[in-house]
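Novice: The sequence and its predicted three-dimensional model are supplied below.
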Amino acid sequence: MKVRDIRAGQAAIIAAGCLFMTGAAWADDAPATPAPDATVAPAPASTAPVAPVPAQAPASTAPAAPVPAQAPASAAPVAPVPAPAAASVSAPASAAEAPAEPPVSDATRAERLMASQVGLLRFTSAGFHRGLVRHIVLFRFLPTITDDQRAEVVRRFMALARTSRREDGSPVVVSIETGAQISGEGVDDGLQQGFVVTFRSEGDRNYYVGRPVVTDPAYFDPAHEAFKKFAAPYIVTTLVFDYAVAPAHPQRQAPVQTGHAAQVPQQQG
């Protein structure tokens, strides 16, 4: 019996030892499991979730890019607004062309009034106000004009004595004289070349001069108009003076006879 008890006690001791060893093994295994959990827990606590936040921040700003793209699109309709500005620029251009004609003088207004009263056909006819008319023209040339250019202006002016004609071929000009300024009185006002044109009537003068009194091309000389366009770039100042030439021998009235005894005095000269 004692042997059995001894063996039983040994078996109990062995079993207890086994149980002790098993419990120790379990104790060693228990901490091993939380260790990985502790390492994983910091991973979620890391900035990994924060990384998507910056990623989404640019994503939120990405839609802002189309907004500027649409801003120019909305500004595109505003582009037509400057169009009226261009139109306003053209207005001064037309306004600048309007003053191209020099201010109308009182003499021009008087001649235009007469032309409107009698009609252009009569106003420019050869028989309108018959009698010699002198048409004096004085030029001051451009300072940079050459001798050849000045000579060409003078030549073309003198040629008007031949080329200035009516539609039926009848001449308009009687004669043209010219000469350079040679006075030493100091009152020439810089004028350099003079011309004296003679007409048989005011009607011929009116047809020859044309503008600014006669503006209808059907009633003024095309040759003189062409000369004015040619000479304009070379001339700085133009002075014009017209006058009617009084007859050299004015017609005298015959004395009134009262009877046979009345004697008619003989005219002298």
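Specialist: Structure's in. What do you need?
Novice: which intervals of the chain have sub-threshold pLDDT?
Specialist: 1-102, 250-269 (pLDDT under 70).
Novice: What residues of the longest strand that it contains count as buried?
Specialist: Ordering each strand of the chain by length in residues (DSSP state E) puts strand 130-141 first. Judged by neighbour count using 16 or more other C-beta atoms under 10 Å, the buried positions of strand 130-141 are V133, H135, V137, L138, F139, R140, F141. Using the backbone N, CA and C atoms, a C-beta is placed for each residue, glycine as well.
Novice: For A218, give me its contacts.
Specialist: The contact partners of A218, taken as C-beta atoms under 8 Å, 6 or more residues apart in numbering, are L120.
Novice: redo that, cut-off 7 Å
Specialist: Listed by C-beta atoms under 7 Å, 6 or more residues apart in numbering, the contact set of A218 is empty.
Novice: which secondary structure elements does the longest strand of the chain contact?
Specialist: strand 193-201, helix 202-209, strand 235-244 (3 or more C-beta pairs under 7 Å, 6 or more residues apart in numbering; DSSP states H and E).
Novice: Next, format these as JSON lines and append mean neighbour count and distance to F227.
Specialist: Output for the helices and strands packed on strand 130-141, formatted as JSON lines (neighbours: other C-beta atoms under 10 Å; distance: least, C-beta to C-beta, whole Å):
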{"stretch": "strand 193-201", "mean neighbour count": "19", "distance to F227": "11"}
{"stretch": "helix 202-209", "mean neighbour count": "24", "distance to F227": "11"}
{"stretch": "strand 235-244", "mean neighbour count": "13", "distance to F227": "11"}
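Novice: I'd like to know which of the ones you listed is closest to A107.
Specialist: strand 235-244 (9.1 Å; C-beta to C-beta).
Novice: ok, the closest one: who's next to it in the sheet?
Specialist: strand 130-141 (antiparallel) (DSSP bridges).
Novice: Just the angle for the partner strand relative to helix 202-209, thanks.
Specialist: Per axes from the mean of the first three to the mean of the last three C-alpha atoms, to 10 degrees, the angle that strand 130-141 makes with helix 202-209 is 30 degrees.
Novice: Show me what whichever helix or strand comes after strand 130-141 is in contact with.
Specialist: For strand 130-141, the following helix or strand on the C-terminal side (DSSP states H and E) is helix 147-163. Residues outside helix 147-163 that contact it (C-beta under 7 Å, 6+ apart) are 141, 173, 175-176, 178, 193, 195, 223-224, 227, 230-231, 234.
Novice: show me what contacts F139?
Specialist: Applying C-beta under 7 Å, 6+ apart, the residues contacting F139 are L191, Q192, Q193, I235, T238.
Novice: can you count the residues close to H224?
Specialist: Using other C-beta atoms under 10 Å, H224 has 20 other residues around it.
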